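>>> Okay, sequence plus prediction incoming.
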Amino acid sequence: APQDFDAVLEYCLAQCASTEAMLKRARPIFHPKALARLAAIAQTEPERLAQFGLDASVVARETQRAARREALARVTPRD
C-alpha cells in the first residue's frame with residue numbers, strides 16, 4: 001500500500017544526515033595551507049613528521065577529509 005511505502009520513506013529520510021551536518025563532521029583539523037605543507041613534508045621527509053607528532057597516515061586521512069569536504073560543499077539541495 002502507498003501509505004506503508006511513505007512510512008518507510010519517511011523513516012529512511014530521517015536516518016540521513018543533512019549536508020550541513022556532513023560538512024561539519026568532515027571539517028579538517030589542519031588549515032589547507034598547513035595541510036599542503038605537511039603533505040609535501042610527508043613526501044620528501046617523512047621522518048620529519050614525527051617532530052610534529054604526526055605520521056603519514058594522519059596526513060593522508062586529513063587530505064582525504066579535505067577532499068570529501070570539498071565534494072560535499074559542491075552538493076546542491078537538488079542533488
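Structure's in. What do you need?
>>> alpha carbons only for contacts and neighbour counts from here, please
Fine.
>>> all helices in the chain, in order from the N-terminus.
The residue ranges that make up the helices of the chain, judged by DSSP state H, are 2-15, 19-25, 32-44, 56-73.
>>> and the angle from the last one to helix 32-44?
Between the direction of helix 56-73 and that of helix 32-44, the angle (axes from the mean of the first three to the mean of the last three Cα atoms, to 10 degrees) works out to 140 degrees.
>>> if we can go back for a sec, with mean neighbour count added, can I get the helices of the chain in TSV?
Shown next, in TSV, are these (neighbours: other Cα atoms under 10 Å):
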stretch	mean neighbour count
helix 2-15	10
helix 19-25	13
helix 32-44	15
helix 56-73	16
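>>> Distance to A50 added to those, as TSV?
Formatted as TSV, those follow (distance: least, Cα to Cα, whole Å):
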stretch	distance to A50
helix 2-15	40
helix 19-25	26
helix 32-44	10
helix 56-73	9
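>>> In CSV: these, plus mean pLDDT.
Listed next are these as CSV, based on pLDDT from 0 to 100:
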stretch, mean pLDDT
helix 2-15, 78
helix 19-25, 82
helix 32-44, 94
helix 56-73, 91
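>>> Pull the contacting residues for the spatially closest residue to T19 that is not a sequence neighbour.
The spatial neighbour of T19 that comes closest, neighbours along the chain excluded (Cα to Cα, 6 or more residues apart in numbering), is L72 at 7.1 Å. Contacts for L72 (Cα atoms under 8 Å, 6 or more residues apart in numbering) come out as 19, 22-23.
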